[in-house]
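Enquirer: give me the fold of what follows.
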Amino acid sequence: MFEDTFGPVALLAAPKVPPTPHRRLRIWQLPSTWHCPLIGTCLTIAELRQLARRAGFDESRMPDYVLHSAVVGHCDERTEIAELIQRFLDRRYAASIQQFAQAKGSDAVLALWRVAYAEGRVEGSLWAAWTHPDTNDYTGTVIYGEMHMLSHRLGATERTEKQRLHTLEQDSARLHEEIATLRQNLLVVQQERDRSVILLEGRLAESERKVAQCQREAAVVAAAEKLKAANAALHERNEALGERLAASQSLIADLEDELAQTRHVLRKTVTPLEATALPGTFPVSAADHPDGPAEVRLNGYRILCIGGRPGLIDHYRRLVEAGGGHFLHHDGGLEDNEHRIDAAVAGADAVVCQIGHISHSAYWRIKQACKQQEMPCIFQKSAGVTTFARSLEMLALETSQRRTGFLVTGKERKRHDHLRR
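Expert: Next up, the predicted model:
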């Protein structure tokens, strides 16, 4: 397209030193006509001055255009400034160089350049395209022409922007004058508003004072009514509590009589059973038996303990064996498998479950298994040895009742039910 329009004479000079195959061109190997747009596009004035200072230029005394022309003139050969620019641009646009390295052939380079140009990625793509080893005369000249026309468009855009800036500055000055006038008017309005606010605040304070006085008077009346109602309620409650106290004292006396009778019957019932029990008993604390310490006979029963403190397992075992029973244990699912609970319950005669040391799911499995097999089961909140001994006492009592058909009643049953819970 370029040759069809301008002819081969319009092509700019080819690279001065033929590149090594598959090796990128250096800036001093590019046509001198490319140096001006290349340096002007890829380097800012601040970067150009920094590189020139490193190369020994007295750039502080040189205007921007003079410095630009001097650097462009020194890039025709391999000079210090040319090498500095080469290394600087290679580092800055390494990503673009890597992208263009995928292009094989001048047509691929030109196609990749046009995509980057359309997307506004001009600087790095220009450096990567012109130094690509496959860039030929035609490709380089087309890129040069597009950069040349871009500079014209940018110049025209700059003129338009300057005109627009001038118009905006005039509008800004006018708006500043209008804002100053509005501020003056606003100040007058604010002063009038402040005077009105002060007047209204005085009226509001007076109204609030009157409302507060009314509220205090209403609160005093309401408090008096509440105290009157509370006094009447307390009087009624006092009478009701007196009646409940009298009823409770009567009930306590009845329960104490019933407890004494129950213990008397219980001693008569357990004594004959001791003659036929299997050897082996253990004493229970006298605190549970005011009439004297009792002995528990387990008669060879298999007592399954589920849970409990690991350090107390041997103490539980000795209590069971001292009473003539057989001790079985399951840790409640902490380490032993929960699915073995059903089999463990099936192999026991009674269960003591220490709910503070088992899992939640194990609790429901134990409860269901004991219910299905009608197994005596006591649930303990405490894992102490004393509590365990009391549970054994109750199990021994319950198994004795099953053999004799005797059932306890009254407060003794309530105490046993409390141990179960």
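
Enquirer: point out where this protein drops to low pLDDT.
Expert: 1-22, 155-160, 162, 250, 253-295, 399-421 (pLDDT under 70).

Enquirer: what about the helices in it?
Expert: Taking DSSP state H to define them, one finds helices in the chain at 2-6, 32-42, 45-54, 64-74, 80-92, 94-100, 106-118, 123-130, 137-276, 313-322, 341-346, 360-372, 385-404, 411-420.

Enquirer: please identify the most buried of those helices.
Expert: helix 123-130 (a mean of 24; mean count of other CB atoms under 10 Å). Every residue, glycine included, has its C-beta placed from N, CA and C.

Enquirer: report all helices and strands that that one contacts.
Expert: Using 3 or more CB pairs under 8 Å, 6 or more residues apart in numbering; DSSP states H and E, the elements in contact with helix 123-130 are helix 32-42, helix 94-100, helix 106-118, helix 137-276.

Enquirer: in CSV: the helices of the chain, plus distance to Arg302.
Expert: As requested, the helices of the chain are exported to CSV (distance: least, CB to CB, whole Å):
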stretch, distance to Arg302
helix 2-6, 105
helix 32-42, 94
helix 45-54, 94
helix 64-74, 103
helix 80-92, 86
helix 94-100, 81
helix 106-118, 88
helix 123-130, 87
helix 137-276, 19
helix 313-322, 9
helix 341-346, 10
helix 360-372, 14
helix 385-404, 11
helix 411-420, 19
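
Enquirer: ok, which of those comes nearest Arg26?
Expert: Minimum separation from Arg26 across the helices of the chain (CB to CB) falls at helix 80-92, 5.7 Å.

Enquirer: pull the CA atoms of that closest one into CSV?
Expert: Backbone C-alpha positions of helix 80-92 (Å, rounded to 0.1, in the frame of the first residue of the first chain) are rendered in CSV as follows:
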residue,chain,number,x,y,z
GLU,A,80,28.3,6.2,25.2
ILE,A,81,24.9,8.0,25.1
ALA,A,82,23.7,5.5,22.4
GLU,A,83,24.6,2.5,24.6
LEU,A,84,23.0,4.1,27.7
ILE,A,85,19.7,4.7,25.7
GLN,A,86,19.9,1.1,24.3
ARG,A,87,20.2,-0.5,27.7
PHE,A,88,17.5,1.8,29.2
LEU,A,89,14.9,1.1,26.6
ASP,A,90,15.6,-2.6,26.6
ARG,A,91,14.9,-2.7,30.4
ARG,A,92,11.9,-0.5,30.2
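
Enquirer: next, the angle from that helix to helix 45-54.
Expert: 130 degrees (axes from the mean of the first three to the mean of the last three CA atoms, to 10 degrees).

Enquirer: what does helix 80-92 rub up against?
Expert: 26-28, 39, 42-43, 47, 51-52, 54-57, 71, 74-75, 97, 124, 127 (CB atoms under 8 Å, 6 or more residues apart in numbering).

Enquirer: mind redoing it with 6 Å?
Expert: 26-28, 42, 51, 55, 71, 74-75, 127 (CB atoms under 6 Å, 6 or more residues apart in numbering).

Enquirer: quick one on the thing from earlier: in a markdown table: the helices and strands packed on helix 123-130, plus distance to Ala362.
Expert: Shown next, in a markdown table, are the helices and strands packed on helix 123-130 (distance: least, CB to CB, whole Å):
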| stretch | distance to Ala362 |
| --- | --- |
| helix 32-42 | 77 |
| helix 94-100 | 64 |
| helix 106-118 | 70 |
| helix 137-276 | 34 |
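
Enquirer: which one of those lies closest to His360?
Expert: The nearest among the helices and strands packed on helix 123-130, by CB to CB, is helix 137-276 at 36.1 Å.

Enquirer: rewinding a little: which one of the helices and strands packed on helix 123-130 lies closest to Ile313?
Expert: helix 137-276 (28.6 Å).

Enquirer: output the contacting helices and strands for the closest one.
Expert: helix 106-118, helix 411-420 (3 or more CB pairs under 6 Å, 6 or more residues apart in numbering; DSSP states H and E).
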